[in-house]
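# Next input, structure requested:
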Amino acid sequence: MARHPVDLFSFIAGLLVLGAGLLLLSGGLGKLPMEWVGPGVAIGLGVLIALGARPARPSHEASPDGSPDEA
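So this is what the prediction gives:
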């Protein structure tokens, strides 16, 4: 079985979700208000999804004469 490269984006996102889950299970962290954790996690996940959904490169590049390539 061939090894595949590590997907650091997914790894970091998983660690963030794991950390948020452990924080919620533990009942909080000092004086951190728990009513902010849910919205904060939702916003963070939304940003991560938006960053992950970006294409790696443009879907179609312009040809040297300036007109778009046709597939």
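# Would you mind putting the CA coordinates of the helix or strand hosting L15 into CSV?
Counting by DSSP states H and E, the element that carries L15 is helix 8-26. C-alpha atoms of helix 8-26 as CSV (Å, rounded to 0.1, in the frame of the first residue of the first chain):
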residue,chain,number,x,y,z
LEU,A,8,-1.8,19.7,6.9
PHE,A,9,-5.0,21.7,6.4
SER,A,10,-7.2,18.8,7.4
PHE,A,11,-4.9,17.9,10.2
ILE,A,12,-4.9,21.4,11.7
ALA,A,13,-8.7,21.7,11.3
GLY,A,14,-9.1,18.3,13.1
LEU,A,15,-6.9,19.5,16.0
LEU,A,16,-9.0,22.7,16.3
VAL,A,17,-12.2,20.7,16.4
LEU,A,18,-10.8,18.3,18.9
GLY,A,19,-9.6,21.1,21.1
ALA,A,20,-13.0,22.8,21.0
GLY,A,21,-14.7,19.5,21.9
LEU,A,22,-12.4,18.9,24.8
LEU,A,23,-12.9,22.5,26.0
LEU,A,24,-16.7,22.0,25.9
LEU,A,25,-16.5,18.6,27.6
SER,A,26,-14.3,19.9,30.4
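# Now do stretch 19-37: distance from first to last residue.
From the first residue to the last, stretch 19-37 extends over 11 Å; the measure is Cα to Cα, to the nearest Å.
# Rounded mean pLDDT for that stretch, please.
For stretch 19-37, the mean per-residue pLDDT is 73.
# contacts for it?
For stretch 19-37, contacts defined as Cβ atoms under 8 Å, 6 or more residues apart in numbering pick out V41. From N, CA and C alone the C-beta is placed, and that goes for glycine too.
# Pull out the buried positions in that stretch.
Within stretch 19-37, the residues that qualify as buried are A20, counting by 16 or more other Cβ atoms under 10 Å.
# now it, how far from the centre of its chain.
21 Å (Cα atoms, centre = their mean, to the nearest Å).
# which stretches of the protein form helices?
Using DSSP state H, the helices of the chain run over 8-26, 37-53.
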